[in-house]
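[1] sequence unknown, structure follows:
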């Protein structure tokens, strides 16, 4: 077990403006300070060195995504011709996913209050022209657990809909260091990323945006 001082150093300081976007959807604007973002980015680089970013494909059609991804945690979410699913190993290397960084586990505990830890942290990398169409996170058994999203790097426009794909939507910007909680009545709300704004952050040397999505997959 790590000394208490080391564990405390891994914790993420939360100092943010809390905005309720919709029932169960809360934006913690500026939740992670610059030092925390830099530390977290270092952890993600370690993860991607063990579990490299890859380009997923759409079910059935095999069309490549504009987003590259990887995972950490006991389970990873993947998409390919066979469909969407969680699995314990990287689809290209076959190796188990790296562990979720302690600072993200601490963040989950502090923000969600859920009685069990996340089992998947999906890492999405958005280059300048990458997008994410409207979708909802519905492949989990533990739908009572919220989804926790962390933004790093360039600013993006996030679109939030309702429980029906063609329902009314609203859009707002996510900046580096923002944390978004999606749960409650809107746990299965449709959402997506419409646009990434290049050169709006200096966190990533070559630009782009990283989104971390923490999920509990199985029921505790």
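    Nice, thanks for sending it over. These numbers come from a predicted model, not from an experiment. Numbers count the residues shown, from 1 in each chain.

[2] Just give me how far the helix ranked longest in the chain sits from the chain centre.
    The single longest helix within the chain, with elements called by DSSP state H, is helix 34-50. In terms of Cα atoms, centre = their mean, to the nearest Å, the centre of helix 34-50 is set 14 Å apart from its chain centre.

[3] Please apply the same query to stretch 68-86.
    13 Å.

[4] Against which helices or strands is the longest helix of the chain packed?
    The contact analysis (3 or more Cβ pairs under 8 Å, 6 or more residues apart in numbering; DSSP states H and E) places helix 34-50 against strand 68-72, helix 102-112, strand 120-126, strand 147-153, strand 209-215. In short, each C-beta sits where N, CA and C put it, glycine included.

[5] what does that helix contact?
    Contact with helix 34-50 is made by 12-13, 32, 70, 72, 95, 98, 101, 103-104, 123, 150, 152, 176-177, 203-204, 210, 212, as judged by Cβ atoms under 8 Å, 6 or more residues apart in numbering.

[6] Make a PyMOL selection of whichever of the residues you listed turn out to be buried.
    Buried residues among the contacts of helix 34-50 (16 or more other Cβ atoms under 10 Å), as a PyMOL selection:
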select buried, resi 12+32+70+72+98+101+103+104+123+150+152+176+177+203+210+212
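
[7] in the chain, which ranges drop under the pLDDT threshold?
    1-16 (pLDDT under 70).

[8] and the nearest residue to residue 140 once chain neighbours are set aside, what is it in contact with?
    In this structure, residue 140 finds its nearest non-sequential neighbour in residue 217, 5.0 Å apart by Cβ to Cβ, 6 or more residues apart in numbering. Applying Cβ under 8 Å, 6+ apart to residue 217 gives the contacts 75, 86, 119, 120, 139, 140, 141, 142.

[9] Any idea how many residues pack against the last one?
    Here the number of neighbours of residue 142 (other Cβ atoms under 10 Å) works out to 16.

[10] Which secondary structure state does it sit in?
    Of the three states, residue 142 takes coil according to DSSP: H, G, I helix; E, B strand; the rest coil.
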